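Engineer: Let's see this in three dimensions:
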Amino acid sequence: MTQSYSTTQPERSDVDQLPGTVALDFGTNWCGVCQGAAADIAAALAAAPGVRHIKVEDGPGRPLGRSFRVKLWPTIIVLKDGVEVARVVRPGNSQAVADALAVAA
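Structural biologist: A predicted model of the protein is given here:
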């Protein structure tokens, strides 16, 4: 089973200061598309053990998602030392996520 989307959000300024490669995963626990993509996202991240995975619940009034202009779920934003280098919206398979993670390598 994969971890749930956290209702507690880090501040954007804290995210911008994270070192290394980070996969910010925006969605909700009740989203059917998010549930369907969870295994593909988990598989891609399992093959990239050095990547920090942060699952953040998104929606109205959630400032972190708005600061990244997230519109659809799930959206995975790949950061390298706090800078966005890739993004995958509604990944159809694990390769789409793996390709985005490879950009940060």
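
Engineer: Kindly check the end-to-end length of stretch 79-92 for me.
Structural biologist: As for stretch 79-92, its first-to-last residue distance stands at 20 Å under the measure Cα to Cα, to the nearest Å.

Engineer: Residues contacting that stretch, please?
Structural biologist: Contact partners of stretch 79-92, identified using Cβ atoms under 8 Å, 6 or more residues apart in numbering, comprise 15-24, 33, 37, 40-41, 68, 71-78, 96-97, 99-101, 103-104. Placement of C-beta: from N, CA and C, glycine included.

Engineer: Derive a ChimeraX selection command for the buried subset of the residues you listed.
Structural biologist: The following ChimeraX line selects those of the contacts of stretch 79-92 that are buried, judged by 16 or more other Cβ atoms under 10 Å:
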select :15,18,21,22,23,24,37,40,41,68,73,74,75,76,77,78,96,97,100,101,104
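
Engineer: dump the residue contacts of residue 57.
Structural biologist: For residue 57, the set of contacting residues under the criterion of Cβ under 8 Å, 6+ apart consists of 5, 6, 7, 9, 27, 28, 29.

Engineer: now the strands: where do they sit in the protein?
Structural biologist: Chain-ordered strands for the chain, with DSSP state E as the definition, fall at 21-27, 52-57, 75-80, 83-89.

Engineer: Of all the residues in the last one, which ones are buried?
Structural biologist: By that I understand strand 83-89. Of the residues in strand 83-89, those buried by neighbour count under the rule 16+ other Cβ under 10 Å are 86, 87, 88.
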